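**Student:** Just the structure for this:
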Amino acid sequence: MPELPEVETVRRGLAPVMEGALLTRLQQNRPDLRFPFPEAFAERVAGRHIVSLGRRAKYLLIDLEDNLTVISHLGMSGSFRIEDEVQGDFHHARSKDSKHDHVIFHVERDGRAQKVIYNDPRRFGFMHLWKRSELDLYPAFAELGPEPTGNALDADYLAGRLSGKNQPLKGALLDQTVIAGLGNIYVCEALWRSHLSPKRQSGTLVTPKGKPKKELLLLTEAIRAVIADAIAAGGSSLRDHIQTDGSLGYFQHSFSVYDREGGACRMPGCNGTVERITQSGRSTFYCQACQK
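**Tutor:** Numbers count the residues shown, from 1 in each chain. Reported below is the predicted structural model:
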């Protein structure tokens, strides 16, 4: 599944083309993806201006006029690309087989007509329509925690959520009600940066009075930093996830522990080796020598 940096990369790539544009037509090439499309989807969105593009956790939000939002999830293989209606100098080469082009947003901005094409070979993504003013009531958003990119995520907040918990630290951080959009890759990387074992009990980072210990301060900083670095680099772009111009992000080449089983630990002064274990059915990569 795409993680937060991948979705943020897509949002930033689409924004210059879609924000402020008129959605002249929506071309729907099949009745469903993972779920059926909203009833009369194409008719309900056509003819509206796109006010802004946003993101909540791992969901892309396309805000339209009249309090309407398209909620899009990329699933396992979904991606967007941008093409001119009439090919010219600005044309992004096809990045996927066109038979998997399931939704095409025809947009016009400043006299220029373009297509924003959603391609999804596995069809595990989906699109829903929701009232913008009621997004907090959307089932997937109702209990989400704060974003790792916002000011709401700090050590005091995490101390309140982790206090008294015996749950392994990695599992606690993957809980979307604790932090929204934080996934397996970046949890592994943040724990490595903060020298914390993924197996450590969550509550040990909090004092008996409920205050964050120094380790939790470092972890909070590491979470924010690793997400910021990944967004700046264009996301991890593993397997199917690509940017809107068809290029791949390069943060995967900067992974310190993720998918590096058997490799030398990159922490300065550490002579350890990256290990792989399984936690709750998911791969965890860490260095036992420097992560305690």
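**Student:** from memory Lys292 sits against Lys199, does it?
**Tutor:** No: with contact defined as CB atoms under 8 Å, Lys292 and Lys199 do not form a contacting pair (9.9 Å). Where C-beta positions appear, they are placed from N, C-alpha and C, glycine not excepted.
**Student:** Point out where the stretch 1-150 of the chain drops to low pLDDT.
**Tutor:** 86-96 (pLDDT under 70).
**Student:** Please state the backbone phi and psi of Ile231?
**Tutor:** phi -60, psi -40 (degrees, to the nearest 10).
**Student:** hang on, the earlier thing: look at Lys292 and Lys199 and report which has more neighbours.
**Tutor:** The residue with more neighbours, out of Lys292 and Lys199, is Lys199; 17 against 10, by other CB atoms under 10 Å.
**Student:** So that one: helix, strand or coil?
**Tutor:** Assigned with DSSP: H, G, I helix; E, B strand; the rest coil, Lys199 falls in the coil class.
**Student:** just Ala222 next, same as before
**Tutor:** Per three-state DSSP, Ala222 ends up helix.
**Student:** Spit out the contact partners of it.
**Tutor:** Counting by CB atoms under 8 Å, 6 or more residues apart in numbering, Ala222 makes contact with Glu189, Ala190, Leu191, Arg193, Ser194.
**Student:** What does Ser202 show for phi and psi?
**Tutor:** Here is the backbone geometry of Ser202 (degrees, to the nearest 10): phi -60, psi -40.
**Student:** who touches it in this structure?
**Tutor:** So Ser202 contacts Leu162, Lys165, Asn166, Gln167, Pro168, Leu169, Ala172 (CB under 8 Å, 6+ apart).
**Student:** pLDDT score assigned to it?
**Tutor:** With respect to pLDDT, Ser202 scores 98.
**Student:** Distance check, it against Gly164.
**Tutor:** 9 Å (CB to CB, to the nearest Å).
**Student:** Same question for Ser256.
**Tutor:** Distance from Ser256 to Gly164, by CB to CB: 30 Å.
**Student:** How is Arg12 assigned, secondary-structure-wise?
**Tutor:** Taken by three-state DSSP, the conformation at Arg12 corresponds to helix.
**Student:** Neighbours of it, how many?
**Tutor:** 15.
**Student:** Over to the one 3 residues further on?
**Tutor:** Close neighbours of Ala15, defined as other CB under 10 Å, add up to 15.
**Student:** In this structure Cys270 contacts Tyr286, no?
**Tutor:** No: at 11.7 Å, Cys270 and Tyr286 do not qualify as touching, with contact defined as CB under 8 Å.
**Student:** ok, and what's touching whatever helix or strand Thr24 lives in?
**Tutor:** Assessed by DSSP states H and E, Thr24 sits inside strand 22-28. The contact list for strand 22-28 (CB under 8 Å, 6+ apart) reads 37, 41-42, 45-50, 64, 102-109, 113.
**Student:** which of Ser256 and Gly164 has more neighbours?
**Tutor:** Between Ser256 and Gly164, counted using other CB under 10 Å, the more crowded position is Ser256 (18 against 10).
**Student:** got a list of what the residue nearest the centre of the chain touches?
**Tutor:** Central residue of the chain (CA atoms, centre = their mean): Leu4, 1.9 Å from the mean position. Taking CB under 8 Å, 6+ apart, we find Leu4 in contact with 55, 57-58, 147-149, 180-183, 186, 227, 231.
**Student:** Just those: which are in helices?
**Tutor:** Tyr186, Ile227, Ile231 (DSSP state H).
**Student:** Check what pLDDT the last one gets.
**Tutor:** The per-residue pLDDT reported for Ile231 equals 88.
**Student:** Likewise for the second one?
**Tutor:** In this prediction, Ile227 carries a pLDDT score of 94.
**Student:** So it sits against Leu153, correct?
**Tutor:** No: applying CB under 8 Å as the test, Ile227 and Leu153 come out as separate, 9.7 Å apart.
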